[in-house]
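Peer 1: sharing a model that was predicted from the sequence below.
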Amino acid sequence: MVTQQQIVIEHHGGPENLKMRESLLSAPAPGELTIKVAAAGVNFADIMARQGLYPDAPALPMVVGYEVAGEVIAVGREVDAAWLGKRVFGLTRFGGYSSHVNVPWQQMFEIPLGMDDYAAASVPVAYGTAYALVVAMGHLKSHETLLIHNAGGGVGLAILDLARHIGARTLGTASAHKHEFLRQRGLDHAIDYRQPLWATEVMNLTEHRGVELITDPLGGESWRQSQKLLRSTGRLGMFGISAASDSGVLGKLKLLKTALQMPFFHPVGLMNRNHGAFGVNMGHLWHEAEMIRRWMGDILQGINEGWVRPYVDRTFKFEAAGEAHAFVEERKNIGKVLLIP
């Protein structure tokens, strides 16, 4: 057994509900690896779980966290001993906010030479989600235009990397102070979503035709607006409802408001408009390990070729996990935020 440090959510609410504790981690089960964690990614799903708004979250007290990077220090039965000592990154089904964690080997990948642990911990959720949105389901082509909502977030930057590799034209919404960074990353047109005429700007940039693919993590009214910006054969990829984020009663009310604002996608309406709508939730793909490994193979190739460029905005020690959550919740980050044991 290993003594592990964990960040535990004991009660739903604000960032102050993240607490440190120690516990014993059991030996890895058959098919599992024990990872000594060097960095764990913070995702918006973690924040909504803390707020009590994430239906898939485990029961309280809970340890969230979907992705880690670190070193394999033990292997369970039925696992190749060659894993021992390898530097790895991958997906965790919660529990990632830990100094040590047991994970099925199928969810782990060897870190490429030259990549540090922090960059590696920024890959699994962001680039896995981006790959599903842009390649597997969005089928983006080089002659098409993509609109990336929340382009400055971890998933947004990953989507931008994939779109640039494909050769598509890219538009992105973000706060004005993030625009110069996004242009330097290769975004063709940055749009301030806080301006009331942002949707008009999208239509002007596309000569009033609209865009072929939109990726939207906001939900509610944003999905309704996005649907109106689709060109014929356009697709709307939805992967979150961060517009509902808030703690306590206000969070529940915002969730209800967001739900009421969501568009209704009727099959006949989609046919008549020649539109498509789909959703992505990486947390519901645990049974598709082989599929994820294929996706990650392409992403690893992108890392080796240099066009996959994970970007870490800030790191926080475990003791400052509440600060990390507040930083992401207030949408201050550009790219990924990590927790360091």
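Peer 2: Sure thing, it's come through.

Peer 1: from here on, contacts and neighbour counts on C-alpha atoms
Peer 2: Fine.

Peer 1: so where's the stretch 201-341 of the chain uncertain?
Peer 2: Applying pLDDT under 70 to the stretch 201-341 of the chain picks out residues 242-262.

Peer 1: what about the helices in it?
Peer 2: Secondary structure of the stretch 201-341 of the chain by DSSP state H, counting those that start in this stretch: the helices cover 221-228, 248-261, 267-273, 289-305, 321-329.

Peer 1: could you dump the ones you listed to JSON lines with distance to residue 5 and mean neighbour count?
Peer 2: JSON lines is the format used below for the helices of the stretch 201-341 of the chain (distance: least, CA to CA, whole Å; neighbours: other CA atoms under 10 Å):
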{"stretch": "helix 221-228", "distance to residue 5": "39", "mean neighbour count": "18"}
{"stretch": "helix 248-261", "distance to residue 5": "27", "mean neighbour count": "15"}
{"stretch": "helix 267-273", "distance to residue 5": "49", "mean neighbour count": "11"}
{"stretch": "helix 289-305", "distance to residue 5": "28", "mean neighbour count": "15"}
{"stretch": "helix 321-329", "distance to residue 5": "13", "mean neighbour count": "19"}
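
Peer 1: let me have the ones you listed in TSV, adding distance to residue 75 as columns.
Peer 2: Output for the helices of the stretch 201-341 of the chain, formatted as TSV (distance: least, CA to CA, whole Å):
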stretch	distance to residue 75
helix 221-228	44
helix 248-261	41
helix 267-273	48
helix 289-305	19
helix 321-329	29
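
Peer 1: any idea which of those helices gets closest to residue 123?
Peer 2: For residue 123, the closest of these is helix 289-305, at 8.7 Å, according to CA to CA.

Peer 1: who's in contact with that closest one?
Peer 2: The contact list for helix 289-305, computed with CA atoms under 8 Å, 6 or more residues apart in numbering, reads 106, 107, 112, 127, 128, 131, 308, 309.

Peer 1: same question for stretch 161-173.
Peer 2: Residues outside stretch 161-173 that contact it (CA under 8 Å, 6+ apart) are 130-131, 134, 140-151, 160, 186-193, 202, 307-309.

Peer 1: among those, which ones are in helices?
Peer 2: Counting by DSSP state H, the contacts of stretch 161-173 place 130, 131, 160, 202 in helices.

Peer 1: pretty sure the last one sits against residue 212.
Peer 2: No: no contact is recorded between residue 202 and residue 212 when judged using CA atoms under 8 Å, the distance being 11.9 Å.

Peer 1: can I see the domain layout of this protein?
Peer 2: According to automatic domain parsing, the chain comprises the domains 2-123+310-340, 126-282.

Peer 1: turn those into CSV, columns for distance to residue 298.
Peer 2: Putting the domains of the chain into CSV (distance: least, CA to CA, whole Å) gives the following:
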stretch, distance to residue 298
domain 2-123+310-340, 12
domain 126-282, 9
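
Peer 1: tell me which of the ones you listed sits most buried.
Peer 2: With neighbours taken as mean count of other CA atoms under 10 Å, those reach their highest mean count in domain 2-123+310-340, at a mean of 20.

Peer 1: how distant is it from the center of its chain?
Peer 2: Distance of domain 2-123+310-340 from the chain centroid (CA atoms, centre = their mean, to the nearest Å) equals 13 Å.

Peer 1: start and end of that domain, how far apart?
Peer 2: 18 Å (CA to CA, to the nearest Å).

Peer 1: list the contacts for residue 280?
Peer 2: Residue 280 neighbours (CA under 8 Å, 6+ apart): 129, 132, 133, 237, 238, 239.

Peer 1: next, give phi and psi for the closest residue in space to residue 119 that isn't next to it in sequence.
Peer 2: Nearest non-adjacent residue to residue 119, counting by CA to CA, 6 or more residues apart in numbering: residue 310, 5.7 Å away. When read as degrees, to the nearest 10, the backbone of residue 310 gives phi -60, psi 140.
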